[in-house]
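S.K.: All I have is the shape, not the residue letters:
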């Protein structure tokens, strides 16, 4: 069982080194900020194994984002959800209309 956790940690660590996906903290509303940098590549998507690793890594980052929001908003998610996306220069009403 320990060997399985160590293997998983090694896979995640390898993906962390590139900076492809990272959680940088929370914004002024308490929402997690997750950056996905298209200029960085973790692995070539040559088979299902690598795709599964990337999905596992994305899930790990989403969990990290959820925990960052919980720390920023004790007692509830007053600031919104990690999935909320706003484009720079848009107000909240325009962003909500665009998401609908």
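M.R.: That came in fine, so what should we check first? Computed from a predicted model, the values in this text were never measured in an experiment.

S.K.: Buried ones in the helix or strand hosting residue 59, by neighbour count?
M.R.: For residue 59, the host element (DSSP states H and E) is helix 48-72. For helix 48-72, the buried set under the neighbour-count rule, 16 or more other C-beta atoms under 10 Å, comprises 53, 57, 60, 61, 62, 64, 65, 68, 69, 72. Every C-beta, even on glycine, is put in place using the N, C-alpha and C of the backbone.

S.K.: Low-confidence bits of this protein, can you list those?
M.R.: 42-49, 76-100 (pLDDT under 70).

S.K.: Tell me where the protein has helices.
M.R.: Ranges of helices within the chain are 2-16, 48-72, 92-99, based on DSSP state H.

S.K.: of all those, which lies closest to residue 22?
M.R.: Nearest of the helices of the chain to residue 22, taken as C-beta to C-beta: helix 48-72 at 7.1 Å.

S.K.: I'd like to check the angle between that closest one and helix 2-16, please.
M.R.: Interaxial angle, helix 48-72 versus helix 2-16 (axes from the mean of the first three to the mean of the last three C-alpha atoms, to 10 degrees): 80 degrees.

S.K.: I'd like to know which elements helix 48-72 is packed against.
M.R.: Contact here means 3 or more C-beta pairs under 8 Å, 6 or more residues apart in numbering; DSSP states H and E; on that basis helix 48-72 packs against helix 2-16, strand 21-26, strand 32-36.

S.K.: got those as CSV, with mean neighbour count columns?
M.R.: CSV is the format used below for those (neighbours: other C-beta atoms under 10 Å):
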stretch, mean neighbour count
helix 2-16, 11
strand 21-26, 16
strand 32-36, 16
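
S.K.: which residues touch the residue lying closest to residue 27 once chain neighbours are set aside?
M.R.: Nearest residue to residue 27, sequence neighbours excluded (C-beta to C-beta, 6 or more residues apart in numbering): residue 33, at 5.6 Å. Going by C-beta atoms under 8 Å, 6 or more residues apart in numbering, residue 33 touches 23, 24, 25, 26, 27, 65.
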